[in-house]
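Q: Make a model of this:
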Amino acid sequence: MDFRLARHTNNLNSIIEFYTNVLDFDILGQFENHENYDGVFLGKQGLDWHLEFTTSSDKAEHTTDEDDALVFYPKTITDYEAILSNIEKFNIVKLQSKNLYWNRNGIMIKDSDGFYVIVSVLKSK
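A: Numbers count the residues shown, from 1 in each chain. So this is what the prediction gives:
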């Protein structure tokens, strides 16, 4: 089974910059004016998941809290450390998680839409 998480945004360009520059995702595809939507597919080549972000004349109105998070597990410690370096390079604010597990086993940040993103050094079981 393949997986796609789709989310509407008011800031498509800043979302693309965040996920490609900070998390080192690839642009897997893009579209313009597809039934009044523009969008992008972001992820890693060869995997069975990706994120889709869309924008249109309809404004996104989201609510989220600290327990709503995308969690990513880099494959190697080198990949994890590269993401940490990008977080520093782009001055992304590191946050304390309400869930103490994430404070011990990763780092929590927000994407440019204000959604929580966790990058974990350990894959939970």
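Q: Averaging pLDDT per element, find the lowest-scoring helix or strand in this protein.
A: When the helices and strands of the chain are scored by mean pLDDT, DSSP states H and E, helix 100-105 comes last with a mean of 94.
Q: Against which helices or strands is that one packed?
A: Counting contacts by 3 or more C-beta pairs under 8 Å, 6 or more residues apart in numbering; DSSP states H and E, helix 100-105 packs against strand 116-120. (Each C-beta comes from the backbone N, C-alpha and C, glycine too.)
Q: Can you spell out which helices and strands pack onto the strand it packs on?
A: Packing partners of strand 116-120 (3+ C-beta pairs under 8 Å, 6+ apart): strand 69-72, helix 77-89, helix 100-105, strand 106-110.
Q: What is the neighbour count of residue 54?
A: Residue 54: 18 surrounding residues under other C-beta atoms under 10 Å.
Q: Apologies, that question was intended for residue 60.
A: Here the number of neighbours of residue 60 (other C-beta under 10 Å) works out to 14.
Q: which ones are touching it?
A: Neighbouring residues of residue 60 by C-beta atoms under 8 Å, 6 or more residues apart in numbering: 7, 8, 9, 10, 113.
Q: you'd agree the third one is up against residue 113?
A: Just to be clear, that refers to residue 9. Yes - contact criterion C-beta atoms under 8 Å: residue 9 and residue 113 qualify, at 5.4 Å.
Q: Give the helix, strand or coil label for the spatially most central residue of the chain.
A: Closest residue to the average C-alpha location of the chain: residue 19 at 5.3 Å, with C-alpha atoms, centre = their mean. Following DSSP: H, G, I helix; E, B strand; the rest coil, the label given to residue 19 is helix.
Q: neighbour-wise, which of residue 9 and residue 113 wins?
A: Neighbour totals were compared for residue 9 and residue 113, and residue 9 leads with 22 against 18 (other C-beta under 10 Å).
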